[in-house]
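[1] predicted model, plus sequence, below.
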Amino acid sequence: MDLTDRRILVTGGAGLIGSHLAARLAADNDVVVADDLSKGARDRVPEAATFVETDVTDPDDVAAVLDESVDTVFHLAAITDTNFDDDRVMFERNTEMTHTLLERAREVGVDEFVFTSSSTVYGEAPRPTPEDYAPLEPISVYGSSKLADEALLSTYAHSYGIQSWVFRFANIVGPRQRGTVVPDFIEKLQDDPETLTILGDGRQEKSYLHVEDCVDAICHVVEHADATLNTYNLGARTTTSVNRIADVVSDVMGLDPEYEYTGGDRGWTGDVPKMRLSVEKLAALGWEPPRSSDEAVRRAAEELYEELR
């Protein structure tokens, strides 16, 4: 697919990844951003895009933004376990959004669909984890909802001819981010420069990818992968521990706090303490992560500290 001169719908386009992706796509395409602003912010939406406040679970709202004039849907809207505490509603709404969009796409003949999934679909899998690893055994309701969404994508791709791209993300970091480890550490240290409370034991270790690199990888895969259903991991080849993130954030802020730990080997119920995705399939398609995980974390810390000062 050539991502130029197209009409593109981006759901969740007021969020972290969605807003950066919408800005990238809007340079060469007619972009419509649909977001209910429950997690995103209106001022993140690029001026070059059209914004429509939309409940993506509502068929009437979806019909208003998704018609036969749309060429491609990029579906990033989702409720995450970092900003929501009702597991049942989270599962139901995430799968409802995806099903509503896919069914509307089928009705109006839109046959290109891009979906952002998550590394959480793998559960606690061997590392590095390839796309064909099985069985998929998520340990969080959020991961379960993403796996159910992937099953819907597979059904609509193979049964209804909607060519689909599915991206299983590592941890994405960068400007405009809130509610995750890097901005959380910055905000905690702004409140108390002497002490930093770390969830778990600090030895949790995961792969981090900067949001600009994430968007670049998404566009590269969509333009170069042409199977009926294309599933790709997106991440760095290296990992970063939570303790290392604390060190980086403290260094960026010019502080030397004492660390305190809540204990246990994971930060919360459903947290996968060790994660690194295989990116060999992505590399074979011609895209390599340009930064290490540590480099992505440091750049994000610098950017977010400037935002939050």
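    Sure, I can see it.

[2] check contacts around the residue sitting furthest away from the middle of the chain.
    Outermost residue of the chain with respect to the C-alpha centroid, by CA atoms, centre = their mean, is residue 194; its distance is 32.1 Å. Residues counted as contacts of residue 194 (CB atoms under 8 Å, 6 or more residues apart in numbering) are 257, 258. Every C-beta, even on glycine, is put in place using the N, C-alpha and C of the backbone.

[3] again, but for residue 274
    Residues near residue 274 by CB under 8 Å, 6+ apart: 124, 127, 204, 205, 206, 239.

[4] go ahead and confirm the first one touches residue 272.
    Yes: using CB atoms under 8 Å, residue 124 is in contact with residue 272, at 5.7 Å.

[5] what do these two both touch?
    Residues touching both residue 124 and residue 272 (CB under 8 Å, 6+ apart) are residue 139.

[6] now the end-to-end length of stretch 50-58.
    In terms of CA to CA, to the nearest Å, the two terminal residues of stretch 50-58 are separated by 19 Å.

[7] can you start the count at 17 instead of 1 from here on
    OK, 17 is where the count begins now, so the last one is stretch 66-74.

[8] and that stretch, how far out from the chain's middle?
    On the basis of CA atoms, centre = their mean, to the nearest Å, the separation between the geometric centre of stretch 66-74 and that of its chain is 19 Å.

[9] can you give me the helices in the protein?
    Counting by DSSP state H, the segments of the chain that form helices are 32-42, 75-81, 103-124, 157-176, 197-207, 227-240, 258-269, 296-300, 309-324.

[10] in the last one, what counts as buried?
    The reference is to helix 309-324. Across helix 309-324, burial judged by 16 or more other CB atoms under 10 Å covers 309, 310, 311, 312, 313, 314, 315, 316, 317, 319, 320, 321.

[11] list just the nearest of these to residue 179.
    Of all the buried residues of helix 309-324, the one with the least separation from residue 179 (CB to CB) is residue 312, at 29.9 Å.

[12] list the contacts of the closest one.
    If a contact means CB under 8 Å, 6+ apart, then residue 312 has 189, 224, 225, 226, 229, 252 as its contacts.

[13] can you do 7 Å?
    Taking CB atoms under 7 Å, 6 or more residues apart in numbering as the contact definition, residue 312 lies against 189, 224, 225, 226, 252.

[14] report pLDDT for residue 128.
    Residue 128 carries a pLDDT score of 98 in this model.

[15] contacts only, for residue 306.
    Residue 306 makes contact with residue 229 under the criterion CB under 7 Å, 6+ apart.

[16] typo on my end, residue 51
    With contacts defined as CB under 7 Å, 6+ apart, the neighbours of residue 51 are 27, 28, 29, 30, 69, 70, 93.

[17] repeat the analysis, applying 8 Å as the threshold.
    Each residue near residue 51 by CB under 8 Å, 6+ apart is listed here: 27, 28, 29, 30, 31, 34, 61, 67, 69, 70, 93.

[18] next, give phi and psi for the fifth one.
    What it means is residue 31. phi -90, psi -170 (degrees, to the nearest 10).

[19] okay, now the residue lying closest to it once chain neighbours are set aside: neighbour count?
    Taking CB to CB, 6 or more residues apart in numbering, and ignoring the residues beside it in sequence, residue 31 has residue 56 as its nearest neighbour in space, at 4.2 Å. Number of residues near residue 56 (other CB atoms under 10 Å) recorded here: 21.

[20] show the backbone phi and psi for residue 56.
    Taking degrees, to the nearest 10 as the convention, residue 56 sits at phi -80, psi -180.

[21] sorry, back to before: how much space is there between the residue farthest from the centre of the chain and residue 67?
    When CB to CB, to the nearest Å is applied, the distance between residue 210 and residue 67 equals 42 Å.

[22] cool, residue 144 as well?
    In terms of CB to CB, residue 144 sits 38 Å off from residue 67.

[23] can you check residue 89 too?
    Residue 89 is 16 Å from residue 67, by CB to CB.

[24] show me which of these two is the more surrounded one.
    When residue 89 and residue 67 are compared on other CB under 10 Å, the one with more neighbours turns out to be residue 89, at 26 against 19.
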